[in-house]
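# A predicted structure for the sequence below; I have some questions about it.
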Amino acid sequence: MSELLNTAEGPTYPCTQCGICCKKLNTIETTLPYDETGRCFFLIDTFTPKGLPISMCSIYPDRESRGCPSLNSLMEYTPPGTSWDELHATMAHGCNKMQEAYGMHEVYRVILPPKSGE
């Protein structure tokens, strides 16, 4: 379900759009508005062409100006020398742990592609 794309910034994170991070904003420090359950006001529930439920951000192109950094922009906050692979592996571990903690189906787990040469 997830795939890695390359951009000018570097490879993009292979988000599966499960929405769990945007449904638990009350567990982090953020300026984004959310309801009493922690669900972001900008989250829209929809379905993939195959019928799997996913969550989409209604302000995705403008999210950074509203206080939600892109996952790739987190690279500037990582220790010097951290590679994209290391950052994405750490993020995938966190995403998958959060999905497991909230009982999300395994189809949403972030699976990173093998590193080149593997």
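Noted; the coordinates are in hand.
# center of the protein, which residue is that?
C15 (4.8 Å; C-alpha atoms, centre = their mean).
# now do the strands in this protein.
With DSSP state E as the criterion, the chain has strands at 43-47, 53-57.
# including mean neighbour count, mean pLDDT and distance to S65, could the ones you listed go into JSON lines?
Yep, even glycine has a C-beta here, placed from its N, CA and C like the rest. Below are the strands of the chain laid out as JSON lines (neighbours: other C-beta atoms under 10 Å; pLDDT from 0 to 100; distance: least, C-beta to C-beta, whole Å):
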{"stretch": "strand 43-47", "mean neighbour count": "13", "mean pLDDT": "92", "distance to S65": "17"}
{"stretch": "strand 53-57", "mean neighbour count": "15", "mean pLDDT": "89", "distance to S65": "13"}
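# where does the nearest residue to T78 once chain neighbours are set aside land on pLDDT?
Sequence neighbours aside, L87 is the residue nearest to T78 in space, at 5.6 Å (criterion: C-beta to C-beta, 6 or more residues apart in numbering). As predicted, L87 sits at a pLDDT of 86.
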